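**Student:** Give me the fold of what follows.
(2 chains)
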Amino acid sequence: MKTKLKFVALAVLIVGALAWLATGGISETKTYYKTIAELDQLNRTNAALGKRLRVAGDVEPGSIVRKGRDVEFVMKQDALRLKVLYNGVDPLPDTFRDGAQALADGKLDPSGVFQASKIQAKCASKYEAKPVQTAPVNERRQTS
Amino acid sequence: MENLGSLAVLLALCLSAYAVVGSVVGRVRRNPFLVVSAERAVYSIWALVTVATGVLLYGLLAGDFRLAYVAAHTNRSLPAVYKFAAWWGGQEGSLLLWSWLLATYSAIVIFITPRRFRGMKPFVVMPLMITQCFFLLLNAFVASPFQVLAIGRGITEVPDGNGLNPLLQHWAMVIHPPMLYLGYVGFIVPFAFAIGSLIAKEPGDAWIHVTRRWTLVTWTFQTAGVVLGAGWAYAVLGWGGYWGWDPVENASLLPWITATAFLHSVMMQEKKGMMKVWNMVLISATFFLCIFGTFLTRSGVVSSVHAFAQSPIGTYFVTFLAVGIAATTYLILDRLDYLKSEAQLESVLSRESAFLFNNLILLASCFAVLWGTLFPVISEAVTNEKISVGAPFFNRVNIPIGMALLLLTGIGPLIAWRRSSLESLRRAFLWPAVAGLALAAILLAAGVRHFYALMSFGLCLFVTWTIASEFLKGALAIRARQRMSLPRAMVELTHRNTRRYGGYLVHMGIVLMFVGFTGAAFNQDSTIEVKVGDRFPIGRYQLAITNLSDGDNENYSWNQATVAVYQNGAQIATLDPARRFYKASRQPNAIVSIRRRLNEDLYLNFAGMSNDNQKAVMQVYVFPLVSWIWIGFWVVLLGSVVCLVPSKQRLDYPRTQVLAVKEGYASVEK
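**Tutor:** Numbers count the residues shown, from 1 in each chain, chains lettered A, B, ... in the order given. Down below sits the predicted model:
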């Protein structure tokens, strides 16, 4: 019986320590997914400031500008535009270019510029065509 | 041609359904003819799926761009090896690869299973064929690779394809997916045997002995697949890392974790008759996590950098998983008394206990990774807000887990079964512990302030010391008795008990990999804009740009930089990072240049040209010790192969043996 108790105590200790680490890790790194429209809504009440956000949108063609280590570009969703300043360490992915779907991780600064520390991008219709898409290959290429 | 392929898939689908029904009905009604016909159906399925695969491969290699799959994943100027690799370059093809591997494994299982398992064999065939049926269903109706573009009805002829994703045009990507799939699919075999023995109430642990080699081989494939993926990311993606805790990477890691736990805890069942329910749960979890991994990579349920789109395939997988998990759970609960443990845990200081905690920690890690991966899905369901967690979360949980596992790697193999006295512990671990602590102290004095790095290096030396002392002790004893040289004595020692010493080699490989992981604590990086003639420092190096060039061929156009590397004033290397633009797929792709050395890698990435097109944007990294990850992997591979070599001496471990649980179920056909 005593052995069993020891095992349970040890197991609880290990699981407890890991759970503590995990909850800390979650609250430290959690990121809210927002579309540009939702971000716009949030920003009216200033609720977006200081929160870690992941914003999705398309890269506006021609808006990508390199400034030394930083990269500036505009993300758009329908009529809405969001100015993004990327100042992260990692190189931008190869898929990041005009018209790509991008995910920017970072925070909104008070002037309305999104300070991104990480960018993911995927080329909209390339590798896996949407299942319903029946457009001919040649046409698909141009949209990619 | 494509009609032949579709027909073969359809026929194979019908046969797989027949094989399920035939083997189960044949077994229950005791009709050996039906059972044998179901087994023959399995062979036929293999032949049919092979035909379908052949048709697809012919289309890919011959450039039959009428096929949607061929047009989407290859182009004329693609080298033949990548045309072949396009087999698993997209969804439809890789699902066909799944089916083909499964059919191959099933045929091998039928062929090599010894006659004494006749009783449970039909029940082994059943889960194999249910899964086969599921994947063939996808091949035939949901993601058919034989879909033809509607040429002539609104679409003009397709002169050339879209080309293979340039990121996949790399040797590691030719091997990585099939390796991973060999591992993923392979775990169905031990799972099927576990289920088979459970349904048939086969006495003893026969399924474990039969599947030991399978498990080991598939585990090795899986390890190779995961490490190749990491090596590919390091050499190709240009961000310099090898692991980013991306959902798709996690998906490949999850079954590996449970499989590793299974490999360990299965020894408890073999040698002590303990943890039978646990092993059932582990092998089932591994199998379902393999399916889950395929689902995660293929359904787009969580957003990932691996560009796979949303597809309707998700619902099929969820249904299959739900039904499969429910059925397995029911089966295990129903057979609980058949899975009674034959021994009790006696002491916290025992090998049983080391195994137990190894399992607990591995499972905790698996759970944490799964939780983090699915966090966006869970949080959206619960709070209606999609929240993701990043790499820091995974690192925070998994680094201490890694440390604990490293410690257990040192302790577990040396501690005695049942109970250990403090005196024997002191004898075994005093010097390794002293050495580990001394190393940590020396590094601390040398200015290393990173807590986990100190801990990791200390533990690595601790484990190395225990493993080395085991080899040395055994080899010295043999040398004294047989008068052979020390290296030969070591080989002899390993040959006498390949499982044990092969296992030590695998552990040693893991330790080396940890050395490599720990190097990440000391990474350096810098991003700069440079033109020809510029010089800049990084770490102990001076870099000078000597040339910037560009060019063009039929597959891609490129920019290239030539960088001279100086150390202490002397030139030691020339690196040439480049950036390609693939024409068919209109994709840019960085070709990084790495100077690999045992102490550190110098890593250059050509990130692009500046806006005025005059300067090159260059990312420069120094990665200490990263080569040890790949060296460690080769040691793991060597150890696994050693484990598979039969031992020279058969070792029988005395243990209590449970004979048949119920006489009636023990053997059926006489």
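**Student:** Relative to B:Leu625, how far out is B:Pro537?
**Tutor:** Distance check for B:Pro537 against B:Leu625: by C-beta to C-beta, to the nearest Å, it reads 21 Å. The C-beta positions use only the backbone N, C-alpha and C, and glycine is treated the same way.
**Student:** how many other residues sit next to residue 25?
**Tutor:** Answering for chain A, as no chain was given. 22 (other C-beta atoms under 10 Å in any protein chain shown).
**Student:** meant chain B, my bad for not saying
**Tutor:** 14.
**Student:** quick one: it from B:Ile110, how far?
**Tutor:** Relative to B:Ile110, and taking C-beta to C-beta, B:Val25 is found at 17 Å.
**Student:** ok, now B:Asn359?
**Tutor:** 32 Å.
**Student:** Sticking with B:Ile108, tell me its helix or strand.
**Tutor:** helix B:91-112 (DSSP states H and E).
**Student:** Kindly report the same for A:Arg97.
**Tutor:** Going by DSSP H and E, A:Arg97 is not part of any helix or strand.
**Student:** show me the contacts for it.
**Tutor:** Listed by C-beta atoms under 8 Å, 6 or more residues apart in numbering or on different chains, the contact set of A:Arg97 reads A:Val59, A:Ile64, A:Ala121, A:Cys123, B:Pro588.
**Student:** hmm, back to that, neighbour count for B:Pro537 and B:Leu625, which is higher?
**Tutor:** B:Leu625 (20 against 11).
**Student:** Contact partners for that one?
**Tutor:** So B:Leu625 contacts B:Val515, B:Gly516, B:Thr518, B:Gly519, B:Phe522, B:Leu598, B:Asn599, B:Glu600 (C-beta under 8 Å, 6+ apart).
**Student:** quick one on the thing from earlier: show me what secondary structure element comes after the helix holding B:Ile108.
**Tutor:** Sequence order places helix B:121-137 as the next helix or strand after helix B:91-112, per DSSP H and E.
**Student:** Export that following helix to PDB, keeping only CA atoms.
**Tutor:** This file holds the C-alpha atoms of helix B:121-137, laid out as PDB (Å, rounded to 0.1, in the frame of the first residue of the first chain):
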ATOM      1  CA  LYS B 121      -5.300 -14.700 -38.100                       C
ATOM      2  CA  PRO B 122      -8.800 -13.900 -39.500                       C
ATOM      3  CA  PHE B 123      -9.200 -11.400 -36.700                       C
ATOM      4  CA  VAL B 124      -5.900  -9.900 -37.700                       C
ATOM      5  CA  VAL B 125      -7.000  -9.600 -41.300                       C
ATOM      6  CA  MET B 126     -10.200  -7.900 -40.200                       C
ATOM      7  CA  PRO B 127      -8.800  -4.600 -38.900                       C
ATOM      8  CA  LEU B 128      -6.200  -4.500 -41.700                       C
ATOM      9  CA  MET B 129      -8.900  -4.900 -44.400                       C
ATOM     10  CA  ILE B 130     -11.400  -2.500 -42.700                       C
ATOM     11  CA  THR B 131      -8.700   0.200 -42.900                       C
ATOM     12  CA  GLN B 132      -7.800  -0.900 -46.500                       C
ATOM     13  CA  CYS B 133     -11.500  -0.600 -47.400                       C
ATOM     14  CA  PHE B 134     -11.600   2.900 -45.900                       C
ATOM     15  CA  PHE B 135      -8.600   4.100 -47.900                       C
ATOM     16  CA  LEU B 136      -9.700   2.500 -51.100                       C
ATOM     17  CA  LEU B 137     -13.100   4.300 -50.600                       C
END
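**Student:** Contacts for stretch A:49-62 next, please.
**Tutor:** Residues from elsewhere that reach stretch A:49-62 (C-beta under 8 Å, 6+ apart): A:29-36, A:39, A:73-77, A:81-82, A:84, A:96-110, A:114, A:121, A:124, B:388.
**Student:** just stretch B:634-647 next, same as before
**Tutor:** By C-beta under 8 Å, 6+ apart, stretch B:634-647 touches B:213, B:216-217, B:219-220, B:223-224, B:494-499, B:501-510, B:512-513.
**Student:** May I see the PyMOL selection of the buried members of the residues you listed?
**Tutor:** Applying 16 or more other C-beta atoms under 10 Å in any protein chain shown to these, the buried members can be selected in PyMOL as follows:
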select buried, chain B and resi 216+217+219+220+223+224+494+498+499+501+502+503+504+505+506+507+508+509+510+512+513
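**Student:** these two touch, right, B:Trp630 and B:Gly231?
**Tutor:** Yes - in this structure, B:Trp630 is within contact of B:Gly231 by C-beta atoms under 8 Å, at 6.2 Å.
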